[in-house]
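**Q** predicted model, plus sequence, below.
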Amino acid sequence: MSFTLTSPVTGGAQTNLTSPTYTLAVDTAPTSAGKQYAVTALGGTQSGVDTASSPSRPFTITLMRPPVLRALPAVDPATGVLRNVPMNTYKIGVRKGVTPLAGQASRNAQAWVTIDVPAGADVADAPNVRAMLSLLHGAIAQISAEIGNTAVSGVI
């Protein structure tokens, strides 16, 4: 699998986080079709960020591919039409233990990116699949702080 992170990972810009970095260690993924890393150390200035990953307050990133990659079915011999185009779904998720209220037990916050690629597009139209992901990555990087601000203020 091509999903491989190099530690440390430099985090995106966020309010009150200056040059954030995350040192990673290989962890056990929830599925054999995935890879998982746990944050073992925080770097830079991360005001209010209290812990790396622990059993009671996880801080992990999980990268998953479909358990079974799907291919295109044959076209209808009578019409020449492709009736069904299955999707191959890839997911990237981050889990972080957070405190919902001072003095209360930790709960897990989660953020997921889901990538649905129609079977066959990986071969027939790879440049446009890559362009889609390039825009996604660039947009998230460009508005990283704004996404964080929206997640804590509710204002989009």
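**A** Alright, I've got the coordinates.

**Q** any idea how far residue 54 is from residue 156?
**A** 32 Å (CB to CB, to the nearest Å). To be clear about C-beta, it is placed using only N, CA and C from the backbone, and glycine gets the same treatment.

**Q** the two - which one has more neighbours?
**A** Set residue 54 next to residue 156 and count neighbours by other CB atoms under 10 Å: residue 54 wins out with 12 against 7.

**Q** point me to the helix or strand that includes the more buried one.
**A** Counting by DSSP states H and E, no helix or strand carries residue 54.

**Q** now it, nearest residue through space, not along the chain?
**A** residue 97 (7.5 Å; CB to CB, 6 or more residues apart in numbering).

**Q** so which elements touch whichever helix or strand that neighbour is part of?
**A** Using DSSP H and E, residue 97 falls within strand 87-98. Strand 87-98 is packed against strand 59-64, strand 107-118, with contacts defined by 3 or more CB pairs under 8 Å, 6 or more residues apart in numbering; DSSP states H and E.

**Q** what's around the residue nearest to residue 34 when sequence neighbours are not counted, how many residues?
**A** Spatial nearest neighbour of residue 34, chain neighbours left out: residue 64 (3.8 Å); criterion: CB to CB, 6+ apart. Residue 64 has 22 neighbouring residues, counting by other CB under 10 Å.

**Q** same deal with residue 124?
**A** 11.

**Q** show the residue spans covered by the helices in this protein.
**A** Along the chain, counting by DSSP state H, helices occupy 121-124, 126-142, 144-153.

**Q** in TSV: those helices, plus distance to residue 38 and mean pLDDT.
**A** As requested, the helices of the chain are exported to TSV (distance: least, CB to CB, whole Å; pLDDT from 0 to 100):
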stretch	distance to residue 38	mean pLDDT
helix 121-124	30	93
helix 126-142	22	91
helix 144-153	21	91
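
**Q** re the thing from before, got the contact list for the residue nearest to residue 54?
**A** Contacts were defined as CB atoms under 8 Å, 6 or more residues apart in numbering; by that measure residue 97 touches 51, 54, 56, 57, 58, 59, 106, 107, 108, 109.
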